[in-house]
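Novice: build the 3D model from these lines:
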Amino acid sequence: MRNRLTFVVSTVILSVFVISGCDCTPAGSSTKAQPKDHFFIPKIPPETTYNIHCTVEENGTFNQKNTVILKNTTTLPINRLVFDWPSDGETPYTVGIKNQPLNIVPGYEKKTTPPVMFQLPSPLAPGEQVELSVEASIRFRINDVLSRKSHYTVLNWFPKLWWGYVTHADYNVKLDIPGDLTITTSGRYDPDSGLWKGKNIRSFAVVLGKDLDILEDHAGDVLVRVLHTPKAAECARFLLATAKDVIGFYRERFGFYPYPVLSIIPGISSPAGGFPVATNIVAVHGQETFPQRGERHWKWITAHEIGHQYFIEYVLEKESHHWLVIGLGIYADREWMVARGLGNEKHLGFINRYIKGVREGFDTTAVIHPDVRKTVDFDFNNIVVHGKGYTIISALRSVLGRETFDRIYRRLLRDFNGRELGDRDFIALCEDETGQNLDWFFDQWLYSSRAMSYDIVSTSCEKKPGDGGVYISKITVGNLGDLIMPVPVEAVFTDNSSQVKYTDRFKATNVLIFESPAPLKSAKIDPRGVLANILPPPGLSLEKLVQKIRRMDYEGEGDAARRLLKKGLELKLDRGREWGKLALNLYDAGYYNDALAAFRLTVTYSEEEDPWKMAAVAWQGHIMDILGKRDLALTHYREALTRAGENSMMHSQYNMVIDRRWLEDRLKTPFKR
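Specialist: So this is what the prediction gives:
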């Protein structure tokens, strides 16, 4: 059963629909009408088109006369609307229908911060549409910024319907801009109509530049625009060529590119990466420093930012699930980098961020409540959102394989166009596509801070008897961490051939057997470098040590038990049953002195009535018999008899039951393995 977090988000307005006197009770159930002012959040918002005519004055004021076409594509009537607007109370706006202003719902008249709720004159029934007129004016400090910087980006500049979460909408925007400012927007410019047009837009931004040049070209039917300063012309040409190649690759790999235009704009002066500005607009930092960074950096950051157009812009992120859209976006640019022979150095960087956080002892649980997130006192964004977010996606791809994972990736893009994607949605789709229950994977990676640590314990290679030219290689892999999953292990042979096999996640110790025409040359875990395999393992707490022992089998894990014996002594493990389980594995592997030490600790930390106390004494007698110390063995058997009573301990792996009768037999006949 999943142990998952349920988020309760509190905002000023969560639900923006009002049911108008309708009965929403399913057929066959009790009929209780919903109250008239019952609020709800629609799973999929109504279709909305913004027709915006904006005149920008010299002082930076955006004067707007807009119409909003709203079609009720839900199954319930809409009685009220909520508009979100970055108003400080001094920049009023009006919303009306056919020149009749809508009334503000009582309680919102003096509201100086968004959002604001308006009352419709009559409910908008399912399937109906309405045209809203909106007049607004807001001023931005454009000239102040342009006196210091090359461009100004305007976001949240028009009143927008708010449905309780981020949504897509369509746009037709006419902008009258003063002077000779350079301009780009989230839409694609149509010279015939003079409009900037866009469909399925999450956020419509306007970028105004001063003394900027523009390079343009096409990637298929996608117009790519690069706004740049004259000093960054060389970088702009490089970014343009890279963007064209990236878009072509993504279209081929994922079946489509979501938008008909992409604009790349300058970022900060330092070449520190980039960020997604808005739909169809990305920023790349430090373009004027182009020669200072290798071409790989500029190629990667271009592919990385374009990847966000799929996840964040086309598929929307659900609040507090940033790890998922970030991880899926990074996966896209990794695939392009690998396909172009540019390696995975950048992506190892994300994994190493996460590993550094683990080593520093931070709680790297990926899905946490927003209130908990506020109390985090380390770089959660870099270590968990980006570092672990990508690590999780990369690990899942390793487990499921490329074909299956890419099928999931394409289906996410198909099913969640314009919808928010959260971890529960993602898990459900993965399980549906694979037909598997994936709790074992997601419960560890998302809802805990467990860390992965697998190491090669030993290798051996022998020529196969009676079959000339065939070698048998054995590679023993142990799980040193507290996260379990199948890991790829590569065997490389002296003829430079190689084979890859996966470990069994159910076993703490795996012995992988390879047959080859040449002797074993080397062995490596995770040959592609896509997993966060932490070696040496991070520090193990007492609680995690107990969990790790409990997941072990009762035989076949002697090497792991030997390592945990040392850790148990360091952490002062005080649980008899856990010591007993370690002792049995040590005995099974022939580590008799270690087993004796563990059985003694089993006796020390077991309750008097616990059968383990009696059995652990008897096992010390067994080992003494094996070592030829019969007198000491008899001493242990007699002590065990005093504790036997009605107790018994069954060890089915050895077809053995230790009870009074067994002990009496051992007084007569030595134990033999």
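
Novice: from memory residue 469 sits against residue 517, does it?
Specialist: Yes: using Cβ atoms under 8 Å, residue 469 is in contact with residue 517, at 5.7 Å. Quick note: C-beta positions are derived from backbone N, CA and C, even for glycine.

Novice: lowest-confidence helix or strand of the protein?
Specialist: strand 17-18 (a mean of 42; mean pLDDT, DSSP states H and E).

Novice: so where do the helices sit in the stretch 51-200 of the chain?
Specialist: Secondary structure of the stretch 51-200 of the chain by DSSP state H, counting those that start in this stretch: the helices cover 142-146.

Novice: low-confidence ranges, it, go.
Specialist: 86-92, 109-114 (pLDDT under 70).

Novice: where do the strands sit along it?
Specialist: 61-71, 78-84, 93-97, 100-101, 103-104, 116-124, 129-139, 151-154, 160-161, 169-176, 182-185, 188-190, 195-201 (DSSP state E, counting those that start in this stretch).

Novice: the stretch 351-500 of the chain now?
Specialist: Using DSSP E, counting those that start in this stretch, the strands of the stretch 351-500 of the chain run over 420-421, 454-463, 471-479, 488-493, 498-502.

Novice: same for the second one, what does it pack against?
Specialist: For strand 454-463, the contact count by 3 or more Cβ pairs under 8 Å, 6 or more residues apart in numbering; DSSP states H and E identifies strand 471-479, strand 520-525 as packing neighbours.

Novice: now what about the next helix-or-strand element following the last one, what contacts it?
Specialist: Where DSSP states H and E defines the elements, the next helix or strand beyond strand 520-525 is helix 542-550. Residues from elsewhere that reach helix 542-550 (Cβ atoms under 8 Å, 6 or more residues apart in numbering): 450, 482, 508, 540, 564, 567-568, 571-573, 575, 578, 581-582.

Novice: one step back: now the helices and strands packed on strand 454-463 as CSV including mean neighbour count?
Specialist: Formatted as CSV, the helices and strands packed on strand 454-463 follow (neighbours: other Cβ atoms under 10 Å):
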stretch, mean neighbour count
strand 471-479, 20
strand 520-525, 17
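
Novice: turn those into a markdown table, including distance to residue 266.
Specialist: Converted to a markdown table, these look like this (distance: least, Cβ to Cβ, whole Å):
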| stretch | distance to residue 266 |
| --- | --- |
| strand 471-479 | 48 |
| strand 520-525 | 43 |
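
Novice: is it possible to get CSV of those that adds mean pLDDT and distance to residue 211?
Specialist: Shown next, in CSV, are these (pLDDT from 0 to 100; distance: least, Cβ to Cβ, whole Å):
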stretch, mean pLDDT, distance to residue 211
strand 471-479, 95, 59
strand 520-525, 97, 53
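
Novice: tell me which of those sits nearest to residue 340.
Specialist: Proximity to residue 340, assessed across the helices and strands packed on strand 454-463 by Cβ to Cβ, is greatest for strand 520-525 (24.2 Å).

Novice: angle of the closest one against strand 471-479?
Specialist: Taking axes from the mean of the first three to the mean of the last three Cα atoms, to 10 degrees, one finds strand 520-525 and strand 471-479 inclined to each other by 20 degrees.

Novice: please begin residue numbering at 43 from this point
Specialist: With 43 as the first residue, the last one maps to strand 562-567.

Novice: I'd like to know which elements strand 562-567 is packed against.
Specialist: For strand 562-567, the elements it packs on are strand 496-505, strand 513-521, strand 530-535, judged by 3+ Cβ pairs under 8 Å, 6+ apart.

Novice: determine the angle, from 0 to 180 degrees, between the last one and strand 513-521.
Specialist: Strand 530-535 and strand 513-521 are oriented at 150 degrees to each other (the same axes, to 10 degrees).

Novice: give me the sheet partners of strand 530-535 and which way each runs.
Specialist: Applying DSSP bridges, strand 530-535 is found paired with strand 540-544 (antiparallel), strand 562-567 (antiparallel).

Novice: residues making contact with the first one?
Specialist: By Cβ under 8 Å, 6+ apart, the list of residues contacting strand 540-544 from outside reads 528, 529, 530, 531, 532, 533, 534, 554, 556, 558, 569.

Novice: gap between the nearest residue in space to the fifth one that is not next to it in sequence and residue 542?
Specialist: This points to residue 532. In space, residue 532 comes closest to residue 569 once its chain neighbours are excluded; the distance is 3.9 Å by Cβ to Cβ, 6 or more residues apart in numbering. Using Cβ to Cβ, to the nearest Å, residue 569 is found at 7 Å from residue 542.

Novice: now do the shared contacts for those two.
Specialist: Contact criterion Cβ under 8 Å, 6+ apart; residues shared by residue 569 and residue 542: 530, 532.

Novice: these two touch, right, residue 616 and residue 647?
Specialist: Yes: using Cβ under 8 Å, residue 616 is in contact with residue 647, at 5.0 Å.

Novice: between these two, tell me which one has more neighbours.
Specialist: A direct count of neighbours by other Cβ atoms under 10 Å for residue 616 and residue 647 places residue 647 higher, at 19 against 12.

Novice: hang on, isn't the more buried one packed against residue 622?
Specialist: No: using Cβ under 8 Å, residue 647 makes no contact with residue 622, being 9.3 Å away.

Novice: sorry, back to before: which ChimeraX command selects the buried ones in the contacts of strand 540-544?
Specialist: For the buried members of the contacts of strand 540-544, the matching ChimeraX selection, counting by 16 or more other Cβ atoms under 10 Å, is:
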select :528,529,530,531,532,533,534,554,556,558
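
Novice: what's the most distant pair in the contacts of strand 540-544?
Specialist: So, the contacts of strand 540-544 by Cβ to Cβ: farthest apart are 528 and 558, at 21.7 Å.

Novice: show me the domain layout of this protein.
Specialist: Annotated domains of the chain cover 87-112+164-349, 362-487, 496-567, 584-710 [automatic domain parsing].

Novice: point out where this protein drops to low pLDDT.
Specialist: Using pLDDT under 70, the chain drops low at 43-82, 128-134, 151-156, 362-363, 509.

Novice: make it 80
Specialist: Confidence mapping of the chain against pLDDT under 80 gives the ranges 43-85, 127-134, 149-157, 361-363, 508-510, 581-583, 586, 589, 593.

Novice: residue 514 contacts residue 507, doesn't it?
Specialist: No: Residue 514 is not in contact with residue 507 according to Cβ under 8 Å; the separation is 9.3 Å.

Novice: state which helix of the protein is the longest.
Specialist: In the chain, taking DSSP state H as the definition, the longest helix is helix 275-296.

Novice: next one: that one to chain centre, how far?
Specialist: 26 Å (Cα atoms, centre = their mean, to the nearest Å).

Novice: please enumerate residues in contact with that helix?
Specialist: 255, 257, 259-262, 264, 266, 268, 270, 299, 304, 306, 326, 329-330, 332-333, 337, 340-341, 344-345, 348-349, 352, 374-375, 377-378, 381-382, 448, 451-452, 455.

Novice: could you dump that helix to PDB, C-alpha only?
Specialist: C-alpha atoms of helix 275-296 as PDB (Å, rounded to 0.1, in the frame of the first residue of the first chain):
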ATOM      1  CA  ALA A 275      26.500  38.000 -32.700                       C
ATOM      2  CA  GLU A 276      28.800  34.900 -32.800                       C
ATOM      3  CA  CYS A 277      27.000  33.300 -29.900                       C
ATOM      4  CA  ALA A 278      23.600  34.100 -31.500                       C
ATOM      5  CA  ARG A 279      24.600  32.300 -34.700                       C
ATOM      6  CA  PHE A 280      25.700  29.300 -32.800                       C
ATOM      7  CA  LEU A 281      22.500  29.200 -30.600                       C
ATOM      8  CA  LEU A 282      20.300  29.500 -33.800                       C
ATOM      9  CA  ALA A 283      22.000  26.600 -35.500                       C
ATOM     10  CA  THR A 284      21.900  24.500 -32.300                       C
ATOM     11  CA  ALA A 285      18.200  25.300 -31.700                       C
ATOM     12  CA  LYS A 286      17.300  24.200 -35.300                       C
ATOM     13  CA  ASP A 287      19.000  20.800 -34.700                       C
ATOM     14  CA  VAL A 288      17.500  20.300 -31.300                       C
ATOM     15  CA  ILE A 289      13.900  21.000 -32.400                       C
ATOM     16  CA  GLY A 290      14.400  18.600 -35.300                       C
ATOM     17  CA  PHE A 291      15.700  15.900 -33.000                       C
ATOM     18  CA  TYR A 292      12.900  16.400 -30.500                       C
ATOM     19  CA  ARG A 293      10.300  16.300 -33.200                       C
ATOM     20  CA  GLU A 294      11.700  13.000 -34.500                       C
ATOM     21  CA  ARG A 295      12.100  11.500 -31.000                       C
ATOM     22  CA  PHE A 296       8.800  12.600 -29.400                       C
END
